[in-house]
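A.B. asks: this one's sequence-less:
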C-alpha cells in the first residue's frame, strides 16, 4: 500500500508506529511517500495512492475516488493557519495584494478566501518557502501552514489574520477543518475497514508513546526546538485525531458547503466517511 503524507511533525507522529513497524500490520506492507500537501492533493486527483493525506478543500475534487477515514484529521481549535506580513496591515486589503500561498487546493487557501474574498494575485510557493518570500519582499503577505505558524516571529514577521479565530467566531465554535486522511474506494470495503483500524492504531500508539513519537517527529520539524515540536504536534494530533467527533464531521460539511455557496468549490460534495 502506498501511503502519502506530508514531511512535517504531525503527520510523522501519526505514522510513527507504521514507519517503525511497531504494531502488527495485518498482512499489509507500506511504502511511505513524503510530499508537500499540494503535491498529495494533485496526486489524489489522479488516484495515484491507495491512502493519502489530503486537504479537506481538495476532497471536493476527489470524492468520487476516495473516502475520508474517520481519523487522522488535522483540525484547529480556535487556532489554525495564519497570514503574516512584514508589518501590520488590514486583512481587508489582502485580496488586492500579492499573497504567497502554499497551494490552491489547500484548505487554508479556501478558508482565507472565505474570510476576506478572492485573492487576485496568489503567489504559489512550497509551504516551507512562504515565510522566506514574505521576508524578502517577493510577496506582500503569506498564508502559513505547518510549523511556520509558530516560527514566523523569528523572521521578523507579524501575524495579521488567524483563520482559526475567524472560523470559531463565524461558526459559533466549530473546529477548523484542515487536513484529512483518505482511502481509495476501489480497494473494497473489507480492505478499507482493515486499513482504517490499522491507521487508527498507529495514531493511538503515538499518543500512548508520546516521547518516542515526538523524537521521531522532530526529524521533520524545520526550525522547531523540542518545546515547539511538542506544542505543534499537540495542536494537530490529539483525541480529535482519533475521531473527528460529531462537530468535526459537521465542520467538514460546513466548510465545503460555504465554499460551494461562495463559488470557490465547484460542486456539492457528499462527505463520505468510512464507518468501521
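C.D. replies: That came through fine. Source: prediction; values computed, not measured. Numbering: from 1, shown residues only.
A.B. asks: For stretch 159-176, buried residues please.
C.D. replies: 160-164, 166-168, 170-171, 174-176 (16 or more other Cβ atoms under 10 Å). No exception for glycine: its C-beta is placed from N, CA and C like everyone else's.
A.B. asks: Identify the residues contacting the closest residue to residue 244 other than its chain neighbours.
C.D. replies: The spatial neighbour of residue 244 that comes closest, neighbours along the chain excluded (Cβ to Cβ, 6 or more residues apart in numbering), is residue 73 at 5.3 Å. If a contact means Cβ atoms under 8 Å, 6 or more residues apart in numbering, then residue 73 has 177, 178, 179, 180, 181, 240, 241, 244, 248 as its contacts.
A.B. asks: Next: residue 110.
C.D. replies: Listed by Cβ under 8 Å, 6+ apart, the contact partners of residue 110 are 57, 255, 259, 264, 265.
A.B. asks: could I get the residues you listed as CSV with secondary structure and distance to residue 104?
C.D. replies: Below are these laid out as CSV (DSSP: H, G, I helix; E, B strand; the rest coil; distance: Cβ to Cβ, whole Å):
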residue, secondary structure, distance to residue 104
57, helix, 9
255, helix, 16
259, helix, 13
264, coil, 10
265, coil, 12
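A.B. asks: Of those residues, which pair is most distant in space?
C.D. replies: Across those, the longest distance by Cβ to Cβ is 10.2 Å; it joins 255 and 264.
A.B. asks: These two - which one has more neighbours?
C.D. replies: Neighbour tally, residue 255 and residue 264, criterion other Cβ atoms under 10 Å: the higher count belongs to residue 255, 27 against 17.
A.B. asks: Tell me which other helices or strands the longest strand along the chain touches.
C.D. replies: When the chain is parsed with DSSP state E, its longest strand is strand 176-184. Contacts defined by 3 or more Cβ pairs under 8 Å, 6 or more residues apart in numbering; DSSP states H and E place strand 176-184 against strand 51-55, helix 56-62, strand 66-68, strand 74-76, helix 107-116, helix 163-171, helix 189-208, helix 245-261.
A.B. asks: Nearest to residue 15 among the contacts of residue 73?
C.D. replies: For the contacts of residue 73, with residue 15 as the reference and Cβ to Cβ as the criterion, the closest is residue 181, at 9.6 Å.
A.B. asks: quick one: that closest one from residue 220, how far?
C.D. replies: Taking Cβ to Cβ, to the nearest Å as the criterion, residue 181 is separated from residue 220 by 17 Å.
A.B. asks: These two: who's more crowded?
C.D. replies: Here residue 181 and residue 220 are compared on neighbour count by other Cβ under 10 Å; more neighbours surround residue 181, at 29 against 19.
A.B. asks: hang on, isn't the more buried one packed against residue 71?
C.D. replies: Yes. Counting by Cβ atoms under 8 Å, residue 181 sits close enough to residue 71 to count as a contact (7.0 Å).
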